[in-house]
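Enquirer: Any chance you can model this:
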Amino acid sequence: MAEAPREAWITGIGILSCLGEGPQAHWQALLGHHPVVDTKTFAPYVVHPLAAIDFDRQIPKKGDQRQMEPWQRIGTYAAGLALESAGLKNRADIRERMDMIVAAGGGERDTNVDAAILSGLPSAVNPQAFLNERLMSDLRPTLFLAQLSNLLAGNISIVHGVTGSSRTFMGEEAAGVDAVRIALSRIIAGQSEITLVGGAHNGDRMDIMALYEFGGYLLKGDYQPIWCRGPNSGFAMASLGAFIVIEERRHAEARGAGPLGRLTAVLSQHSRREPGAVTATLRRLWDEIAPRLHPGQHAVISGATGAQPATSEERLFLAEHPELAVRATASYLGHGPEPQFAMNIAIATLVLGNGSLFPPGDDSGVERTSEERLTQIVVTGVGHWRGEGLALVEKAS
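Expert: A predicted model of the protein is given here:
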């Protein structure tokens, strides 16, 4: 007898953002349409700051916390929430063979050292010698280690005992899409039974804002929801962490775990970003997923960033499907490139668990009210500069 096809369940969710921590806090904030925004600290840039978090709850050792940068603490905390949600905190036997895939950035700079070096270079007698001396004496050795992208996976392994295989992807939004895509592919192919996948981002810092502002990507001035930002908009930087546990159905059933949702498909592409290319790529990806969709039972959770021209091109694609109810989560959470896709898959799972969408985030006309009982959510991920992706999340029986 042929073996039944393998099925990927989402059995754990760990999320934290400006809306708080955990599924319930996020769902209540989405229902109440309460985006949390800071327009003053980094003015003129708009930021969605991390909510007050007691990191001791998931990272009990102060020594572990001290050697992590903020983005690593955010990610390690979110990973702990996901393991707790999946009922794995007391299952060392599973965690020691659990796989992990992380979407990560390149670490955080010491802006005080950067500023001191840049201030001193113009008056230095020997600029090259001055630079080498300051770098050797001012930068703490651990900074170089903390900047390694795979240190987030290392810290999760140390703190939470997840010691199976480990993979770290870099590449902003595309890394987030591919982290989930590879996790799903390995489970369906029989190469993994259970995987912790996600990422983290700290947007409350000047160095990352300088990086994105050099490209003209940041939202400035007053806060506006995603679809109301106009042709010269940008994204509002976010601090957020998102991890999900993806598990093969029979593995979950064997340990008595139920599904929060089923991850059916994850597709990724990389268009050349010529005019119209994003819209065309989303059409192709949609055509691959469309045969699986049930009429009147699906909606879209959009990962639109607000950056142009990608957001306008995604909007053109969505306009071709006026029957669909759409929600752009960045209107509430802001945008954190690497973890945004996992975050939106988590939110899609919350929507399916509650059976219907949260209210529209604006009056632009892109987001309409919906009373449908939903069984499927399509999650979009369009990078601010590169990378497109779609995921299909379904209600699991």
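
Enquirer: could you say what helices and strands the helix or strand hosting L267 packs with?
Expert: Take DSSP states H and E as the rule and L267 turns out to sit in strand 261-269. Secondary-structure packing of strand 261-269 (3 or more CB pairs under 8 Å, 6 or more residues apart in numbering; DSSP states H and E): strand 8-17, helix 172-188, helix 277-289, helix 340-354, strand 388-394. For glycine as for every other residue, the C-beta is placed from the backbone atoms N, C-alpha and C.

Enquirer: so which of the ones you listed gets nearest I301?
Expert: Ranking those by proximity to I301 (CB to CB) places helix 340-354 first, at 4.8 Å.

Enquirer: Any buried residues in that closest one, and which?
Expert: Of all the residues in helix 340-354, those buried under the rule 16 or more other CB atoms under 10 Å are 340-352.

Enquirer: Same question for stretch 84-94.
Expert: 84-88, 94.

Enquirer: of all those residues, which comes closest to W27?
Expert: When the buried residues of stretch 84-94 are compared against W27 (criterion: CB to CB), the nearest one is S85, at 13.6 Å.

Enquirer: Put together CSV for the buried residues of stretch 84-94, with distance to L152, secondary structure and pLDDT on each row.
Expert: Shown next, in CSV, are the buried residues of stretch 84-94 (distance: CB to CB, whole Å; DSSP: H, G, I helix; E, B strand; the rest coil; pLDDT from 0 to 100):
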residue, distance to L152, secondary structure, pLDDT
E84, 18, helix, 98
S85, 19, helix, 98
A86, 19, coil, 98
G87, 23, coil, 98
L88, 18, coil, 98
I94, 21, helix, 98
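
Enquirer: returning to what we had before: for the buried residues of helix 340-354, please prepare a markdown table with the additional fields distance to S302 and pLDDT.
Expert: What follows is those, written out as a markdown table (distance: CB to CB, whole Å; pLDDT from 0 to 100):
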| residue | distance to S302 | pLDDT |
| --- | --- | --- |
| Q340 | 11 | 98 |
| F341 | 11 | 98 |
| A342 | 15 | 98 |
| M343 | 12 | 98 |
| N344 | 8 | 98 |
| I345 | 13 | 98 |
| A346 | 15 | 98 |
| I347 | 11 | 98 |
| A348 | 11 | 98 |
| T349 | 16 | 98 |
| L350 | 15 | 97 |
| V351 | 13 | 97 |
| L352 | 16 | 97 |
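
Enquirer: Restricting to C-alpha, output the strand holding L267 in PDB.
Expert: What follows is strand 261-269, C-alpha atoms only, in PDB (Å, rounded to 0.1, in the frame of the first residue of the first chain):
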ATOM      1  CA  GLY A 261      -3.200  25.500  10.600                       C
ATOM      2  CA  ARG A 262      -1.800  23.600   7.600                       C
ATOM      3  CA  LEU A 263       0.900  25.000   5.400                       C
ATOM      4  CA  THR A 264       0.100  23.800   1.900                       C
ATOM      5  CA  ALA A 265       2.400  25.700  -0.400                       C
ATOM      6  CA  VAL A 266       5.200  28.300  -0.500                       C
ATOM      7  CA  LEU A 267       6.400  29.800  -3.800                       C
ATOM      8  CA  SER A 268       9.200  32.300  -4.500                       C
ATOM      9  CA  GLN A 269      10.400  34.200  -7.400                       C
END
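
Enquirer: Low-confidence stretches in this protein?
Expert: 1-2, 140-147 (pLDDT under 70).
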